[in-house]
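Asker: after the sequence you'll find the predicted model.
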Amino acid sequence: MKKSLFYFGLLLILPGLLFPAAAAGKLTAGQIMERLDQTVSAPRDQEIHVKLVITDAKGNESHREMVMMQKGSDRRMVKFTAPPEQRGIAFLSLPGGMTYLYLPAYRQTRRIASHVRNQKFAGTDFTYEDMEARKYSTDWDAKLLAEEGGLYRLELTPKEETVTDYGRLIVEVRADIFFPVKIEFFDKANRPRKVMVQEKLEQINGYWIARESEMKDLQAGTSSKMFFTEVKFDSGLADDIFTERYLTR
């Protein structure tokens, strides 16, 4: 099983280094993807505190808080810290597509099977697949559709061995810093399924981050918007944070 998409959903929202614009000569789609991977996975580790606003199909809002921690490009821990009824719910993504969920109400940790990776994580608009750490170039083939308005527009299709619930993705990448600012998700029947937009880009200690990121479920009429309130890079996160044992803490 391949490492999955919250690199796109819940990692899309993660920051990266500023890279210079391409020199003379156009970049290929593959080269753009590699630059994008370098950007979003540049920090050695990162800790991001998030306020999350979930809006249902009737416009009703619910509010949550969580912390996201990542080391390298393939280990991620996500924990809800508020409200009390959600506090302690945790998700762990490890290399090789290994993912785990801890539910404190049941005091139970379970591995997430491949056939449920398309289910929503804890009532948000991010699926378990979206929450996993991954690199674009590892699991997707890219085609450059356009270069205009300071953006590269790429079409991504899954490689033959890639396990995903999506049929294709359309990604808009800022050409000057190789940061993804919009992703459109299509299902296997090529119907628009979700769209993610990242706004208020900011550079912190040499890394780029989108201070706000919103995922909209076009089929359900719901949305989840993240506001990044506190960001730490290269703080030396311990390896034991990214373990099943830490899920229950």
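Answerer: Yep, that arrived.
Asker: wasn't residue 240 part of a helix?
Answerer: Yes - applying DSSP: H, G, I helix; E, B strand; the rest coil, one finds residue 240 inside a helix.
Asker: before we move on, which element is the closest residue to it other than its chain neighbours in?
Answerer: Nearest-residue entry for residue 240: residue 246, 6.1 Å, with adjacent residues in sequence omitted and distances by Cβ to Cβ, 6 or more residues apart in numbering. All C-beta atoms are positioned from the backbone trio N, CA, C, and that covers glycine. Taking DSSP states H and E as the definition, residue 246 sits inside helix 244-247.
Asker: can you name every helix or strand that that helix contacts?
Answerer: Helix 244-247 makes packing contacts with strand 90-94, strand 98-103 when contacts are defined by 3 or more Cβ pairs under 8 Å, 6 or more residues apart in numbering; DSSP states H and E.
Asker: nearest to residue 213, out of those?
Answerer: strand 90-94 (16.8 Å; Cβ to Cβ).
Asker: which parts of the closest one are buried?
Answerer: 90-94 (16 or more other Cβ atoms under 10 Å).
Asker: would you confirm that residue 57 contacts residue 218?
Answerer: No - with contact defined as Cβ atoms under 8 Å, residue 57 does not reach residue 218; the gap is 11.4 Å.
Asker: hang on, the earlier thing: quick check, the residue nearest to residue 240 in contact with residue 77.
Answerer: Yes - Residue 246 is within contact range of residue 77, at 6.8 Å (criterion: Cβ under 8 Å).
Asker: overlap in contacts of these two?
Answerer: residue 92 (Cβ atoms under 8 Å, 6 or more residues apart in numbering).
Asker: so how far is the helix holding residue 246 off the chain centroid?
Answerer: 21 Å (Cα atoms, centre = their mean, to the nearest Å).
Asker: buried ones in it, by neighbour count?
Answerer: 246-247.
Asker: what sits up against that helix?
Answerer: Residues contacting helix 244-247 (Cβ under 8 Å, 6+ apart): 77, 90, 92, 100, 102, 109, 240.
Asker: how far away is the third one from residue 39?
Answerer: In other words, residue 92. Residue 92 is 24 Å from residue 39, where distance means Cβ to Cβ, to the nearest Å.
Asker: now swap in the second one and tell me
Answerer: Residue 90 sits 27 Å away from residue 39, going by Cβ to Cβ.
Asker: now, among the buried residues of strand 90-94, which is nearest to residue 156?
Answerer: Using Cβ to Cβ, the buried residues of strand 90-94 come closest to residue 156 at residue 93, 19.6 Å.
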